[in-house]
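A structural model of the following input is requested.
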Amino acid sequence: MEMNAEASRIRYAVIGIGINVNQGRFPAELGSQATSLRLETDRRIEREELLVEMLQCLSGEIDSLIHPESFAAACTGILGRLETKSTWIRGKQVFVDEAGGYTGVTAGLDEKGFLRVQTDEGVRRVLSGGVRERLAKG
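Sure, this is the predicted structure:
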């Protein structure tokens, strides 16, 4: 997600969501990294139902963000839920494909929702580019 906002209004938000829904298997090179809802739940998921549920949830989040009096609290709540639910936001060894590439350990989100990565040179904020797990050597 990328967002441009002021204290009292959102200028724009761009949200990209990729969900593997009904894949039953993946190529060997992706097997340790990729999964699908079907593999995780052991049942076929109707994409239309999933889309409706996602849009309803997203609508609720947007409603909380468009009211100036609740904007700051809504942002804090969204970022907090992301940090609680994600296995990538803290403690993941990663390679970041940005500014020539660098490695480090994910170190949470900043106040604007950007991923922070602890590197040997200090904490960096990921502004763009891919973030991939850095597999342990050996």
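
just the CA coordinates of stretch 20-32, formatted as CSV?
This file holds the C-alpha atoms of stretch 20-32, laid out as CSV (Å, rounded to 0.1, in the frame of the first residue of the first chain):
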residue,chain,number,x,y,z
ASN,A,20,-3.1,-17.3,-4.3
VAL,A,21,-6.6,-18.7,-4.0
ASN,A,22,-7.1,-22.2,-5.4
GLN,A,23,-3.6,-23.3,-6.4
GLY,A,24,-3.1,-26.9,-5.3
ARG,A,25,0.7,-26.9,-5.8
PHE,A,26,3.5,-24.7,-6.8
PRO,A,27,6.8,-25.3,-8.7
ALA,A,28,9.5,-26.8,-6.6
GLU,A,29,11.5,-23.5,-6.5
LEU,A,30,8.5,-21.8,-4.9
GLY,A,31,7.3,-24.6,-2.7
SER,A,32,9.0,-23.3,0.5
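
dump the residue contacts of the closest residue to Leu115 other than its chain neighbours.
Of all residues not flanking Leu115 in the chain, Val126 sits nearest, at 4.4 Å (C-beta to C-beta, 6 or more residues apart in numbering). Every residue, glycine included, has its C-beta placed from N, CA and C. Applying C-beta atoms under 8 Å, 6 or more residues apart in numbering to Val126 gives the contacts Val96, Glu98, Phe114, Leu115, Arg116, Val117.

ok, Val126 to Ala73 distance?
According to C-beta to C-beta, to the nearest Å, Val126 and Ala73 sit 25 Å apart.

which strands and helices sit next to the lengthiest helix in the chain?
Longest helix in the chain by number of residues, with DSSP state H as the criterion: helix 47-65. If you count contacts as 3 or more C-beta pairs under 8 Å, 6 or more residues apart in numbering; DSSP states H and E, helix 47-65 packs onto helix 71-85.

Need the residues that contact the helix it packs on.
5, 7-10, 61, 64-65, 67, 89-90, 108-109, 111, 113.

just the buried members of those residues?
Using 16 or more other C-beta atoms under 10 Å as the burial test, those include Leu65, Ile89, Gly108, Leu109 as buried.

So which of those residues are in strands?
Judged by DSSP state E, strands contain the following of the buried ones among the contacts of helix 71-85: Gly108, Leu109.
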